[in-house]
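Asker: Provided below for reference: sequence and predicted model.
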Amino acid sequence: MQNVVATLTAHQDKLRKHLSIAVIHGGDKDDKGSCFYKTFNPRATKTYEPVARQIAEALQQCGYERVVTLPENARLVDELQKNCVDIVFCNSGGLQGYNPMSHLPALMEMVGLPYVGHNPVNATLLDNKHLFKQALVDLDIPTPRFLVCHQNDCLETFTRRIKSRFNDYSGPFIIKPTSGRASIHVNYEETVEAAWKRVTETLELTSNTVLVEEYLPGREFVVAVSGPVVTKQQQVDCGATPFAFSVIERRLEQDERIFTSMDKKAISSRRLINVDDEDLIAAINKLGQQVHAGLCLQGLTRVDIRMDAAGRLSVMEANPKPDLTRPAPDKTSLVCHGLPREEMTYEELIESQLLNAIGFRLKNLPGSIPHISRILH
């Protein structure tokens with residue numbers, strides 16, 4: 001990989017001048033021509049367009065001259081051709097339908113365009129919490145005990161399955177959609193009966209499977225993890241492991257069991273605590289790196305971690321499209337909050353994601369990007 005980094009560094013000015021980049025945000029299915037027919041989306045809809053524009057501006061500030069923003073919809077392939085796009089920066093949660101996080105990378109795979117972000121399988125795996133947790137079990141990465149509920153479950157089978165899966169544990173529980181964002185429809189319940197009632201409500205709301213999880217009462221943390229190529233202080237380097245950074249403790253209010261959704265309360269610096277314990281940072285980083293390496297992830301992800309009553313760390317879930325809002329005095333994102341500790345700018349974080357995507361393909365799939373190889377050589 002060091003040879004690839006040397007190539008990227010030597011020809012960075014060529015990339016910045018000639019590479020055509022499209023930053024893609026979610027579309028609006030109510031816009032005429034965005035889809036053939038409107039369908040259901042179990043994941044709460046959000047376009048992420050303002051953040052896509054911030055990403056595009058960051059790339060332009062890095063010196064990339066050919067950057068556009070486009071919505072993900074039925075017209076996208078035509079727009080990509082019209083703009084002679086070389087690579088796509090995925091910042092979309094999908095337009096509609098099931099597994100919407102996978103639709104954009106799957107489309108890019110089909111038309112042969114390289115992209116920044118997770119491949120379709122991993123986008124689906126990360127966005128379906130029950131599949132992700134099963135993968136954690138297979139990798140021997142600690143995660144709270146869980147149960148998956150479907151439309152054909154009833155209280156009797158639910159109670160029996162709870163006893164089988166959780167043994168003598170009878171609550172409290174966290175009930176959440178298997179696919180979702182921003183803690184929407186995530187609830188805390190004390191008993192099996194209350195958990196079942198909340199399960200039935202969530203099944204009806206989402207028309208999708210529901211996850212019941214053991215509640216861990218300890219502190220809550222996040223860590224961001226991306227590929228090994230990092231731009232920092234105007235230098236491009238490559239580590240031996242995935243780059244783990246921005247270890248943050250999420251401040252829970254006295255009566256808050258679940259960190260409140262950013263849709264309900266802005267994520268300001270007052271809600272976040274920088275972790276200073278180096279041993280704790282190392283343990284959290286290691287868990288994040290195990291997730292990234294174990295699942296062969298290519299894109300940026302945010303891993304959510306919680307302590308149990310004894311202080312043991314467990315991975316709760318991973319966000320396949322963490323918020324990349326540019327930090328501001330009154331608002332930030334969990335991923336970007338820790339950038340000062342890394343002596344890294346927002347623009348460098350964004351460029352790192354682009355160079356990781358190009359570097360991965362140069363090393364492993366050089367035949368898939370002849371148009372970018374021509375720019376470099």
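Answerer: In hand now; what should we look at? In this text, all values refer to a predicted model and were calculated from it rather than measured experimentally.

Asker: in the stretch 201-350 of the chain, which spans are helices?
Answerer: Listed in chain order, the helices of the stretch 201-350 of the chain (DSSP state H, counting those that start in this stretch) span 278-294, 339-342, 346-364.

Asker: Distance to Thr178 and mean pLDDT added to the ones you listed, as a markdown table?
Answerer: Where C-beta positions appear, they are placed from N, C-alpha and C, glycine not excepted. Compiled in a markdown table, the helices of the stretch 201-350 of the chain are given as follows (distance: least, Cβ to Cβ, whole Å; pLDDT from 0 to 100):
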| stretch | distance to Thr178 | mean pLDDT |
| --- | --- | --- |
| helix 278-294 | 18 | 97 |
| helix 339-342 | 31 | 92 |
| helix 346-364 | 26 | 95 |
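
Asker: Deepest-packed of those, please.
Answerer: For the helices of the stretch 201-350 of the chain, the largest average neighbour count (mean count of other Cβ atoms under 10 Å) is found in helix 346-364, namely a mean of 21.

Asker: Report the backbone C-alpha coordinates of that one in PDB.
Answerer: Extracted in PDB, the C-alpha atoms of helix 346-364 (Å, rounded to 0.1, in the frame of the first residue of the first chain):
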ATOM      1  CA  TYR A 346     -12.300  18.700   8.100                       C
ATOM      2  CA  GLU A 347     -11.000  19.100   4.600                       C
ATOM      3  CA  GLU A 348      -8.300  16.500   5.300                       C
ATOM      4  CA  LEU A 349     -10.800  14.100   6.700                       C
ATOM      5  CA  ILE A 350     -12.900  14.400   3.500                       C
ATOM      6  CA  GLU A 351      -9.800  14.000   1.200                       C
ATOM      7  CA  SER A 352      -8.700  11.000   3.200                       C
ATOM      8  CA  GLN A 353     -11.900   9.200   2.300                       C
ATOM      9  CA  LEU A 354     -11.400  10.000  -1.400                       C
ATOM     10  CA  LEU A 355      -7.800   8.800  -1.400                       C
ATOM     11  CA  ASN A 356      -8.700   5.600   0.500                       C
ATOM     12  CA  ALA A 357     -11.300   4.700  -2.200                       C
ATOM     13  CA  ILE A 358      -8.800   5.300  -5.000                       C
ATOM     14  CA  GLY A 359      -5.900   3.700  -3.200                       C
ATOM     15  CA  PHE A 360      -7.900   0.500  -2.500                       C
ATOM     16  CA  ARG A 361      -8.800   0.100  -6.100                       C
ATOM     17  CA  LEU A 362      -5.200   0.900  -7.300                       C
ATOM     18  CA  LYS A 363      -3.900  -1.900  -5.000                       C
ATOM     19  CA  ASN A 364      -6.600  -4.500  -5.400                       C
END
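
Asker: just checking, what packs against the helix or strand following that helix?
Answerer: Sequence-wise, the next helix or strand downstream of helix 346-364 (DSSP states H and E) is helix 370-376. Contacts defined by 3 or more Cβ pairs under 8 Å, 6 or more residues apart in numbering; DSSP states H and E place helix 370-376 against helix 12-18, helix 346-364.

Asker: got a list of contacts for the first one?
Answerer: Residues outside helix 12-18 that contact it (Cβ atoms under 8 Å, 6 or more residues apart in numbering): Leu8, Cys62, Gly63, Tyr64, Glu65, Arg66, Val236, Ile358, Ile375, Leu376.

Asker: Paired strands for the helix or strand that it is followed by, with orientation please.
Answerer: Sequence-wise, the next helix or strand downstream of helix 12-18 (DSSP H and E) is strand 20-26. Within its sheet, strand 20-26 is paired with strand 66-72 (parallel), strand 87-91 (parallel), according to DSSP bridges.

Asker: Please save the CA atoms from strand 20-26 in PDB.
Answerer: Written as PDB, here are the backbone C-alpha positions of strand 20-26 (Å, rounded to 0.1, in the frame of the first residue of the first chain):
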ATOM      1  CA  SER A  20     -14.300  14.700 -11.900                       C
ATOM      2  CA  ILE A  21     -16.200  14.000  -8.600                       C
ATOM      3  CA  ALA A  22     -19.900  13.800  -7.900                       C
ATOM      4  CA  VAL A  23     -21.000  14.000  -4.300                       C
ATOM      5  CA  ILE A  24     -24.400  12.200  -4.100                       C
ATOM      6  CA  HIS A  25     -27.100  13.000  -1.600                       C
ATOM      7  CA  GLY A  26     -30.500  11.400  -1.100                       C
END
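
Asker: what angle do that strand and helix 346-364 make?
Answerer: 110 degrees (axes from the mean of the first three to the mean of the last three Cα atoms, to 10 degrees).

Asker: what's the average pLDDT for the helix or strand just after strand 20-26?
Answerer: On the C-terminal side of strand 20-26, the closest following helix or strand by DSSP H and E is helix 49-61. Taken as a whole, helix 49-61 carries a mean pLDDT of 97.

Asker: rewinding a little: could you save the helices and strands packed on helix 370-376 as TSV and add columns showing distance to Thr143?
Answerer: As requested, those are exported to TSV (distance: least, Cβ to Cβ, whole Å):
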stretch	distance to Thr143
helix 12-18	39
helix 346-364	26
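
Asker: among those, which is nearest Gln151?
Answerer: Proximity to Gln151 (Cβ to Cβ) singles out helix 346-364 among these, at 37.9 Å.

Asker: How far does the closest one sit from its chain's centre?
Answerer: The chain centroid and the centroid of helix 346-364 are separated by 16 Å, computed with Cα atoms, centre = their mean, to the nearest Å.

Asker: who does it touch, helix- and strand-wise?
Answerer: Helix 346-364 is packed against helix 2-10, helix 49-61, strand 87-91, strand 115-116, strand 220-226, strand 229-232, helix 370-376, with contacts defined by 3+ Cβ pairs under 8 Å, 6+ apart.

Asker: Turn these into CSV, columns for distance to Trp196 and mean neighbour count.
Answerer: CSV is the format used below for these (distance: least, Cβ to Cβ, whole Å; neighbours: other Cβ atoms under 10 Å):
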stretch, distance to Trp196, mean neighbour count
helix 2-10, 52, 14
helix 49-61, 37, 19
strand 87-91, 37, 24
strand 115-116, 41, 24
strand 220-226, 25, 25
strand 229-232, 47, 22
helix 370-376, 53, 15
